[in-house]
Structure formats: C-alpha cells, structure tokens
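Sequence first, predicted coordinates after that:
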Amino acid sequence: MLKNFFCRKYKTIEALKDVSFSIEEGEIVGYIGPNGAGKSTTIKIMSGILTPTSGTCVIDGLVPWQNRKTFVKNIGVVFGQRSQLWWDVPVMDSFELLKDIYKIPTDQFKETLELLNKALNIEDLLGRPLRQLSLGQKMKCELAGSLLHRPKILFLDEPTIGLDAVTKLAVRDFIKFINKEWSTTIILTTHDMNDIEALTNKIILIGKGRILYQGSFENIKDKYSAEKTIEVEFAKDYQKVSLAGYKVVEHNQRFATLKTLPKTQFHTTDFVNQISKKYEVVDFQVSSLSVDEILAKLYNEYEL
Amino acid sequence: MKSYFGIFKMEFKGELQYRAKALAGIATQLFWGLLQVYLYTAFLNSGSVDGFSISQMASYIWLGQAFFALRYVTMPKRVGQEITNGNVCYKFVRPIGIYNQWYAEGIAQKLAATLLRFAPIIIIGFLLPKSIALSLPVSVGAFFLFLLALILGLFMSHSLSMFAVYLTFKTLSEKGSLGIVSSIVNILGGLFIPLPILPQALQEVLRYLPFSYITDLPFRIYIGNVGIIDGLIYIGIGLAWLVAIIAIGKLLIGRALKKTVVQGG
C-alpha cells in the first residue's frame, strides 16, 4: 500500500480497438454489448465529447471533435443517466434557453414543440420545475429537449433505463415516430433487448472494445431460436429418462426438462411420436430462448 | 451572444429564488462588518495610517460587506458536480463555447447574489452612529468612477474564479480547488485585511497585481484614497489584466477539456 503511494504503476487500456462501421441516413441502429464494452465511449466519440487517440470518424461530412460547434448543431443527445435540463426552473424555461442556444426560429420552435407535446403528452409538465418530475416524466422532457432543434442524428444512451412498462412503450413509440416523421438517424445503446427488438433495423455488438457482430437482429435470433426447451410431465415416475436427439437437463420423478441437441430440428408431431413410444406423457410445454437469453448466449460465445 | 444572454437570464432567475440565503448573508455581513469596524478603529486609534482615516476605514469595511458576494471567490454553481459526475458532457454537445457557458453562468449568479444583498447593508451602513458609519462618496465623479471600477471588479473576480474550474478539472476536487484560489485572491485582494493598512511597499506591489482590482480599487476611489485621474489609469491597467486573465483561463480550460475523459455510462 505504502509502496503504491511513492511509486505509481500505470497500465494503458485500449477502450476501443478496430471498431469500424458505417450507418445510413434514416437507420435506427442498436449498439449493444455487456457493461464496460465501450458503448458509451463510442457514443461520446461520435458526439464530439471525446477525442480518440487515433482513428477517424466522419458524420455527415464532419469530424465531430474537430468541428465541434458546427457538428453539434445537427445532433441531439440523451444520456439516460444524466440530465441536460436545468434543475430548479420550469421545463419550459429550459426549452426557451435551448431555443436561444440553438438559435431556433420562433415559428419552427412553436411547431416542433407542438408536435413533441402531442407525441409525448408533456403539455402539463412544462410549467413545473424539473426537480418535481418523476423519472419517466423527466425522460420524456429530456427527449423533447434533445429534439427541439430537429437534429439529423439522435444519440440515445440507455434511454429506457429505470422506466416503467408504460413509459417504456411510450418512449419506444416516440422514437419510431420521430424516425419516420423526420427520418432522423438514431443510434441507441441499451441493455433492454426488447428495445432492440422493437426498434432497430440493425445491431452492432461490441465487446472488450471490438466489434463482434453487425447486421440484422433477425439473423441472430434465427440462429439461436432453433434451440428449444421442453418441459414434460409424465403419468408416472420413471427411473431414467432419455431421448435420442435431446439432452435431459433435469429429471425429478414425474417431471423432466429436455433441450434440443445442436443438430436436432424440432418438430412437434415427431417429438410427440418419439416420446410417447417410450413414456406416458400427460403434458408438455415448448419454449424458445428469450431475447435476453440469446444475448447472454452470444456474450458467452464471444467470451465476454 | 444571444445564447449567452439566455444562459445569463436563466441563472439570474435561478439565483433570485433563494431569498432565505440572501437574508442569512445579510445578517452575517452586518455582524462581521461591526466586528471589523471596531477592530480597525482600535487599530487606527493606536497609531495612524497615511490617507486612511477612521471614517474612510469604516466606509471601506461597509462597502466590503455590501459587495461581499461580488468579491468572494465562487465557482459557478454545479460546475464542480458537473465535472466530477460527468454531466459536463452536455456542455460539449451545445453549439457554443464551453468556457463561455460557464462564464455567463458565473457572472449571472454573482451579479444576482450581489444585487439581492447590497442595498440593506448600504442603507444600514448610512444609518449607523457617525463614528462607525458609511460616508457618502467624496464626489459625484468619484461615485461614477466607483461604479465603473466595480463592474470591472465583478468581471475580474469571476475571471479569477474560473481558475478554480480549471483546477477542478485537474484534481476533481471542488473544495480543494476553491480553497487554493480563494485564499490567494482573498488575501491579496483585501478581503481579510483592508489593503490600505498594509506596509507601503507591499501596497505598491499589490496595486499592480490583478487582485486589488476586484474591490480594493473601487473602494479606494469611493473614499477618495485614489483620485479620479489615477483611478482612470488603474482601470486601464485592470482592463489589460482582465483580457490577459480571460485569455489564459480560456487556454487552460480549453486544454483540459481536450483531455477530458467523461467516465461511466
């Protein structure tokens, strides 16, 4: 301990390495990976907050950290765990200030605000100080605040974190709506796989600072949804249960849980025929991997 | 420019909400003012200081208490938090200068805090018994020059405070950074001990350092310790200092920002 006081050791860690991708205008891209993978770091580079040690990044013809002031006029950013609005004044005052900061013409500001009011249902919140709002209400206002200047690109860093189910759905609908209405390009990071499923056309999977997969989420889902879990209830106790093409994960007297082996193509009729030849079955239930499980598997596969 | 004015308006409004804070400030300043006036009366009675009579000293002390919020080193509210918790990243994604955003915030807060507090103390200062009261300015010209120098002082005070912001970037400790900057500024700027009672040689040096331009210069103009012509010359020097200090502050903070790593999600 004392030694450390006199002589510090430093270790350089590459937060991002060989991360390279391109995004088309009007896309909604999900940027996923486990905690500490480098998601937020990438967002920070793309929004001009961080200057990378090496590499390039061109967005809409501009390098974010070189032309910061020009660049940020066309982007909106929401960090789910931070707040960009002013704490002790009514939300509307914050919006008015953002209007001044982004030099939004009054007509356009009114029009945008009306649209956002309607889509997010925040009319009643605008007169209240931010500190009095609930988390969900706050997030809605944050979203509205980041879109007042109608950015071409919207960065959302965990926009649904901590929100209840209703608000989550509202936020998702709103993101889709904005993407359609203004063909805003949206890049979001999240740990909620349902966000990804509901919103994105494309995912980028990152881990340990490298890109592991990019492409459609459907592809990944197809690959993993072949694996089925079957819970079976038998009519009587069996000493041992086994079935060709399946692995018995759990067996407890009258109940057993089976999993398909990698090569098995699950087919309900075949399965019923096969198992009823050996055992007397009362009931069974088939389930595929949930989206979260798929992701956990994916992380596992890449040893993240 | 409009955007900075927007920030100014916002912060000004925010600061005006804290009335209880202002009242508490006024009470403290009155108590502290009385203490100091009696202390330095005793001090001046046991000897004499050139060009600093007891009544001038009383005025100097009361002005100091009235404009305490202006001269005291503070960082713009929330800056320390913003830097340590990473919220500063929202400053980056606005299409305006980062130093300038803080500058506008800080000036607004200082001005609002000063305007909320100074009047009661000035009024009470005038109403006190003659021996310890605040006197009128030596002349009308001196009064206007005093106001001019005070505006310079507001900007000087805040520009120096911005170094605390820079140190917070370096050390991530708001209190420590504020401590370093405020002890230098407060001692050399005359917040603790009125500069006119210091040894002549020391005064000569301090006169050309930026710290005395915060409130020492305007107060001296008010009490007639510095004449109109001299006052104008000093204001010129002060302006030159101000430009230099803002430039250095901007450069340092700009460099710190380049190296900023905003940690965590």
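Yep, it's here. Numbering: from 1, shown residues only, chains lettered A, B, ... in the order given.

did I read that right, residue A:247 in a strand?
Yes. Assessed with DSSP: H, G, I helix; E, B strand; the rest coil, residue A:247 lies in a strand.

residue contacts, it?
A:258, A:259, A:260, A:261 (C-beta atoms under 8 Å, 6 or more residues apart in numbering or on different chains). No exception for glycine: its C-beta is placed from N, CA and C like everyone else's.

and of those residues, the nearest to chain B?
residue A:259 (34.7 Å; C-beta to the nearest C-beta).

in its sheet, what does the helix or strand encompassing the closest one sit against?
Residue A:259 belongs to strand A:255-260 when elements are defined using DSSP states H and E. If you go by DSSP bridges, strand A:255-260 pairs up with strand A:228-234 (antiparallel), strand A:246-252 (antiparallel).

So what touches it?
Against strand A:255-260 from outside (C-beta under 8 Å, 6+ apart): A:226-234, A:241, A:243, A:245-251, A:266.

next SSE after it?
Sequence-wise, the next helix or strand downstream of strand A:255-260 (DSSP H and E) is helix A:268-278.

In terms of secondary structure, what does that next one contact?
Based on contacts counted as 3 or more C-beta pairs under 8 Å, 6 or more residues apart in numbering or on different chains; DSSP states H and E, the elements that helix A:268-278 packs against are strand A:281-288.

Check the secondary structure at residue A:212 for me.
Recorded secondary structure, residue A:212: strand (three-state DSSP).

What is the burial count for it?
17 (other C-beta atoms under 10 Å in any protein chain shown).

What distance do you get for it to residue A:52?
Per C-beta to C-beta, to the nearest Å, residue A:212 is found 20 Å from residue A:52.

what do you get for residue A:150?
Counting by C-beta to C-beta, the gap from residue A:150 to residue A:52 is 28 Å.

Which of the two has more residues huddled nearby?
residue A:150 (19 against 16).

re the thing from before, highest average neighbour count across the strands paired with strand A:255-260?
Among the strands paired with strand A:255-260, the stretch with the highest mean neighbour count (mean count of other C-beta atoms under 10 Å in any protein chain shown) is strand A:228-234, at a mean of 17.

roughly how far is that strand from the heart of the chain?
With C-alpha atoms, centre = their mean, to the nearest Å as the basis, strand A:228-234 stands 32 Å off its chain's centre.

and if you look at stretch A:179-191?
11 Å.

which SS class is the residue of chain B found nearest chain A?
Chain A sits closest to residue B:6 of chain B, with a gap of 3.2 Å, by C-beta to the nearest C-beta. Under the three-state scheme (three-state DSSP), residue B:6 adopts helix.

Which residues are in contact with it?
A:96, A:97, A:99, A:100, A:101.

Who wins on neighbours among the residues you listed?
Busiest of the contacts of residue B:6 [other C-beta under 10 Å] is residue A:99, holding 22 neighbours.

so that one makes contact with residue A:148?
Yes. With contact defined as C-beta atoms under 8 Å, residue A:99 counts as touching residue A:148 (6.6 Å).

So residue A:9 belongs to a helix, correct?
No. Using three-state DSSP, the assignment for residue A:9 is coil, not a helix.

List the residues that contact it.
Residue A:9 neighbours (C-beta under 8 Å, 6+ apart): none.

Helix or strand: which one has residue A:119?
Here residue A:119 is assigned to helix A:106-120, by DSSP H and E.

following that helix, which helix or strand comes up?
Taking DSSP H and E, what comes next after helix A:106-120 is helix A:135-147.

Chain A against chain B: which residues are in contact?
Neighbours of chain B within chain A, by C-beta under 8 Å from any C-beta of the partner chain: A:40, A:44, A:47-51, A:68-70, A:72-73, A:75, A:77, A:79-84, A:86-89, A:93-94, A:96-97, A:99-103, A:157-158.
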